[in-house]
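Engineer: sequence first, predicted model second:
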Amino acid sequence: FLSEEISLDGMKLCAEGCPFFVPFKFLVLAATGGDVDRVIVDGRTISMPERCSHWTSPRRSSASMKQANACGRGSTSNGERTMADRLARLARARGYPYPYPGCSYTWRSGNVAEFDLGETKGRTAVLAVGSNRAPSRLDQKYLGKYEAPIPVQHAQLKDFDIVYAAHLTRYGSVPAMLQRALGTTVDLAVTWLDDKQLEIMHATEGGYHYAEIGSVDLVYDDGTQADSAHLYVGREGHLVHEEQPVALIEIDGQDRPHAARNTAEVLEIVHTRVAPDMPHDDFILKVIDDNDFRLECSIMLAADSVPFDYPFEKKPGGLVD
């Protein structure tokens, strides 16, 4: 996403030809003086001078600047850091599945580069039905661990949809899963992973079976087709709300027979269902911080969930055998 002006809760961030994707809904501003020193994106801190010199925060008056300097506010206080961390964690939970370029690309050590079909040779095609299509999520999984390029190819899959799964993640989101949906065509991405990348990906997909499905109609954006694909199948099935699955509104789907919502809305649905007496933000933060509470909530969500409604073959390597 590229914009000349981005606002967050009344604060404006101005980009003057900023040359990288900006997940604007998930930024948490931490300012010192009148300039932005760092931005927290999906829980990661980016030092702005290293990435882009064109970002500035709203200008303060010279009087307010003098007052801030006189009070020793030239650096971010512990309280501001605590609030920034809280906001960042809430934004990450609600922001799932995170910004996606909407086309094929190659992830290169944190950068989005042009897709190169030649780099897919010898790799495993794995459906990315949720956040695994997002550059920021690949950053979190691979930066500093193993940074070989990852081709990410845009595609469409017929007779399936991408819906919310019946479990919660350690970062407070309700994640996605693939589900059978006759007559629906859904947009998705395919990550082409080498063996080491696949091993790392397995370690991040604890709520899923690693599997393969066949006899499907998968069409890549270059017109080529595939009749099988590897994927992560939601172990607990899909979330049920008003007797229906809930699709992810950020992911395009044609002829859906059920409603689509964003993750912030679905978190409100889940909160009302499993812990209605708790303040909403506190509920999300407890899901993040308390493993037992997160598991308890996930068990409640799975009570009426619907399993993946398509034959699949479990493959070795996933966390769930």
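Structural biologist: Yep, that arrived. All of these numbers come straight from a predicted model, not from anything done at the bench.

Engineer: surely residue 297 and residue 272 touch.
Structural biologist: No. Counting by C-beta atoms under 8 Å, residue 297 does not reach residue 272; the two are 11.9 Å apart. All C-beta atoms are positioned from the backbone trio N, CA, C, and that covers glycine.

Engineer: between these two, which is the more surrounded one?
Structural biologist: Each of residue 297 and residue 272 has its neighbours counted (other C-beta atoms under 10 Å); residue 297 has more, 21 against 11.

Engineer: what mean pLDDT does stretch 114-130 get?
Structural biologist: The average pLDDT within stretch 114-130 is 97.

Engineer: buried ones in it?
Structural biologist: Within stretch 114-130, the residues that qualify as buried by neighbour count (16 or more other C-beta atoms under 10 Å) are 115, 120, 123-130.

Engineer: kindly report the same for stretch 158-176.
Structural biologist: In stretch 158-176, counting by 16+ other C-beta under 10 Å, buried: 160-169, 171-176.

Engineer: ok, which pair from the residues you listed is furthest apart?
Structural biologist: 160 and 172 (26.3 Å; C-beta to C-beta).

Engineer: residue 155: what secondary structure?
Structural biologist: strand (DSSP: H, G, I helix; E, B strand; the rest coil).

Engineer: number of nearby residues for it?
Structural biologist: 22.

Engineer: what about it, distance to residue 293?
Structural biologist: 37 Å (C-beta to C-beta, to the nearest Å).

Engineer: ditto for residue 182
Structural biologist: 37 Å.

Engineer: who's more crowded, the two?
Structural biologist: residue 293 (17 against 11).

Engineer: I'd like the average pLDDT over the helix or strand where that one lies.
Structural biologist: Residue 293 belongs to helix 291-301 when assigned by DSSP states H and E. Across helix 291-301, the average pLDDT comes to 98.

Engineer: stretch 166-177: how far from the chain's middle?
Structural biologist: Centroid separation between stretch 166-177 and its chain, computed with C-alpha atoms, centre = their mean, to the nearest Å, is 10 Å.

Engineer: let me fix that, I meant to ask about stretch 201-215.
Structural biologist: Worked out by C-alpha atoms, centre = their mean, stretch 201-215 lies 17 Å from the chain centre.

Engineer: equivalent analysis for stretch 189-199, please.
Structural biologist: 17 Å.

Engineer: ends of it, how far apart?
Structural biologist: 19 Å (C-alpha to C-alpha, to the nearest Å).

Engineer: residues touching residue 102, list them.
Structural biologist: Residues counted as contacts of residue 102 (C-beta atoms under 8 Å, 6 or more residues apart in numbering) are residue 154.

Engineer: gap between it and residue 134?
Structural biologist: Counting by C-beta to C-beta, the gap from residue 102 to residue 134 is 11 Å.

Engineer: check residue 125 too.
Structural biologist: Distance of residue 125 to residue 134, computed by C-beta to C-beta: 18 Å.

Engineer: could you export stretch 274-281 as CSV, CA atoms only?
Structural biologist: C-alpha atoms of stretch 274-281 as CSV (Å, rounded to 0.1, in the frame of the first residue of the first chain):
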residue,chain,number,x,y,z
VAL,A,274,-16.9,-17.2,25.5
ALA,A,275,-16.2,-14.3,27.9
PRO,A,276,-18.9,-11.7,27.7
ASP,A,277,-18.3,-10.1,31.1
MET,A,278,-14.7,-9.2,30.3
PRO,A,279,-13.7,-5.9,28.6
HIS,A,280,-13.0,-6.6,25.0
ASP,A,281,-9.4,-5.4,24.8
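
Engineer: next, the buried residues of that stretch.
Structural biologist: 274-275.

Engineer: what does stretch 105-116 give?
Structural biologist: 105-107, 110, 112, 115.

Engineer: stretch 128-143: how far from the chain's middle?
Structural biologist: On C-alpha atoms, centre = their mean, the centre of stretch 128-143 falls 7 Å from that of its chain.

Engineer: then stretch 221-230?
Structural biologist: 23 Å.

Engineer: what's the first-to-last distance across that stretch?
Structural biologist: End to end - C-alpha to C-alpha - stretch 221-230 spans 18 Å.

Engineer: can you check stretch 124-132 too?
Structural biologist: First-to-last distance for stretch 124-132 - C-alpha to C-alpha - comes to 15 Å.

Engineer: and what of stretch 230-241?
Structural biologist: Stretch 230-241: ends 28 Å apart by C-alpha to C-alpha.

Engineer: quick one: distance of that stretch to the chain centre.
Structural biologist: Using C-alpha atoms, centre = their mean, the offset of stretch 230-241 from its chain centre is 16 Å.

Engineer: and if you look at stretch 105-114?
Structural biologist: For stretch 105-114, the distance to the chain centre is 16 Å (C-alpha atoms, centre = their mean).
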